[in-house]
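**Q** fold the stuff below for me.
(2 chains)
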Amino acid sequence: MINQDDKLDLLRTLLLTDDRQLAESISTKISILEETLREKDKLSEKISPIIREELEQYTLNMPKTLGPAITKTLKIQIQESKDEVVEALYPILGKMIKKYISNEIKMLSESIDKSTKEAFSSKGIKRKLMSIFSGVKENDMIISALAKAHVEQIFVIEKGSGILLGSYQTKETVDEDMISGMLTAIKAFVEDAFKETHHDLQSIEYDLYEIHLHSFHKYYIASAVSGTFTERLENELENFNFEISEDISKKSILHDRDALEALLLDRFKTYKFTEE
Amino acid sequence: MTSKKIVIVGSFGVGKTSLIRRFVDETFSEDYKVTIGVHILKKTVEIQENIVNLIIWDTEGTDDIEEIRKAYLLGTHGFIYVTDITRPKTYENLAAHKTYLNEQFGNVPIIAVGNKTDLLAKGSIAQMKEDMDFLDLLISAKEGNNVQRLFERMAKMLIA
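**A** Sure, this is the predicted structure:
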């Protein structure tokens, strides 16, 4: 017969065996965990794949989650530091422009090469002859043929007041009365600043335009020319101006805007600038 | 249509540019921007069936009128001399300056105006007008008072 103590022992064994085994198993796992945490390499081995996976997911979602915030921040940043942005962009733009110009020069050079190769064609011989008789260098003739000049606007402006007396233009521009005033102010400023009272400002260049200024006694004629402004065209333009001036005197139409503009239109249509 | 050159002269900060902006664009700004060199604007007015194209030259402010480049003043058909009624320094040489302009640039009309009447206390403009009888017109570029009238008066004088 089993006594009371044995019964208790048996009961303890039955109840606590599983717990002991569980406790031992937990204790082993904690030891492994402690060891893993203590040793960097082992920890890294376990965590790295998780971080890598998270990072990949984060990278994939970045445009969607952070995109708007980054764009907004950049906009504010650019707005607040315009000067710095311009400063940073300037060299890049400079390089781009330089590249563009180099390319254009290359194309021009190729065109000149082509023209030179055609030197013995009828066109080439004609150009050579024209160069000999006109005194204009053949190179200048080739270049001017490549960038033909166009007389685009002609203004007859009263000296001093800068009042526009008459104009002719091939295309719409900003207010011609204001152009006349500003041209007169610029002319007056340059002539006054350099104390050249007996000399007149003869041309103003900007971008691809040249404004040729031809002074007469009471007025001056300003002609805006696009393209290559050669000496030959300058001569022709001056002859054109002299003819207009002669007509203005003969017909006494300096202060008759309608008549003056009709004259400019008529003259401009009939006069043939060889550069055009 | 006839075109006339009007030059606005006067000391610093009297409101020359504001006056032109009020007349040409019908706007006013409290921001003060110094005029450098010369600025040209235009406006057409109709006076007794005559259309007059006013080419208005806005010059740099200066206390000494002889400092303005003569080249800017050549061929002027009429001057508007602007003063600030709150600053006596801006009109103390008015008579001498008018004489200089007429001697150097011909016997052309000169209208002297006192600007900034908006700074005066209400009801004091009539008294101010009496005290400053050497001015032809009191104006306010800020509120637009008498601005249109000023340029129309000038245009009338020029076509007369």
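
**Q** hang on, residue A:42 in a helix?
**A** Yes. Assessed with DSSP: H, G, I helix; E, B strand; the rest coil, residue A:42 lies in a helix.

**Q** residues near the closest residue in space to it that isn't next to it in sequence, how many?
**A** Distances taken as CB to CB, 6 or more residues apart in numbering or on different chains place residue A:36 nearest to residue A:42, at 4.6 Å, with adjacent residues excluded. Bear in mind the C-beta positions are built from the backbone N, C-alpha and C, glycine included. Counted with other CB atoms under 10 Å in any protein chain shown, residues neighbouring residue A:36 total 16.

**Q** what's the per-residue pLDDT of residue A:36 here?
**A** For residue A:36, the model assigns a pLDDT of 77.

**Q** and for the one 3 residues further on?
**A** In the predicted model, residue A:39 carries a pLDDT score of 80.

**Q** give me phi/psi at it?
**A** The phi/psi pair for residue A:39 (degrees, to the nearest 10) reads phi -100, psi 110.

**Q** ok, the closest residue to chain A within chain B - contacts?
**A** Here chain B gets closest to chain A at one residue, residue B:75, 2.9 Å apart by CB to the nearest CB. Contacts of residue B:75 were listed using CB atoms under 8 Å, 6 or more residues apart in numbering or on different chains, and they are A:158-163, B:5.

**Q** the residue nearest to residue A:42 belongs to a strand?
**A** No. Residue A:36 sits outside any strand when classified using three-state DSSP, being helix.

**Q** against chain B, how distant is it?
**A** Residue A:36 sits 70 Å away from chain B, going by CB to the nearest CB, to the nearest Å.

**Q** close enough to count as contact, that residue and residue A:43?
**A** Yes. The criterion here is CB atoms under 8 Å, and residue A:36 meets it with residue A:43 at 5.7 Å.

**Q** for stretch A:217-230, which positions count as buried?
**A** Of all the residues in stretch A:217-230, those buried under the rule 16 or more other CB atoms under 10 Å in any protein chain shown are A:219-230.

**Q** and that stretch, end to end?
**A** Distance between the boundary residues of stretch A:217-230 (CA to CA, to the nearest Å) amounts to 26 Å.

**Q** run the chain-centre distance for it.
**A** Put simply, stretch A:217-230 sits 28 Å off its chain's centre (CA atoms, centre = their mean, to the nearest Å).

**Q** and the helix-or-strand element of chain B with minimal mean pLDDT, what does it pack onto?
**A** Counting by mean pLDDT, DSSP states H and E, the weakest-scoring helix or strand in chain B turns out to be helix B:125-131, with a mean of 84. If you count contacts as 3 or more CB pairs under 8 Å, 6 or more residues apart in numbering or on different chains; DSSP states H and E, helix B:125-131 packs onto strand B:137-138.

**Q** could you list the paired strands of the strand it packs on along with their orientation?
**A** Applying DSSP bridges to the sheet, strand B:137-138 is found paired with strand B:110-115 (parallel).

**Q** state the mean pLDDT of the strand it pairs with.
**A** Here the average pLDDT along strand B:110-115 is 95.

**Q** now it - C-alpha only, CSV.
**A** Output of strand B:110-115 as CSV, limited to C-alpha atoms (Å, rounded to 0.1, in the frame of the first residue of the first chain):
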residue,chain,number,x,y,z
ILE,B,110,6.2,125.9,-66.7
ILE,B,111,3.6,124.8,-64.3
ALA,B,112,4.7,124.7,-60.7
VAL,B,113,2.7,122.3,-58.5
GLY,B,114,2.6,121.5,-54.8
ASN,B,115,2.2,117.8,-54.2
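
**Q** other residues contacting it?
**A** B:14-15, B:18-19, B:78-85, B:91, B:94, B:98, B:101-102, B:128, B:132, B:134-141, B:146, B:150, B:153-154, B:157.
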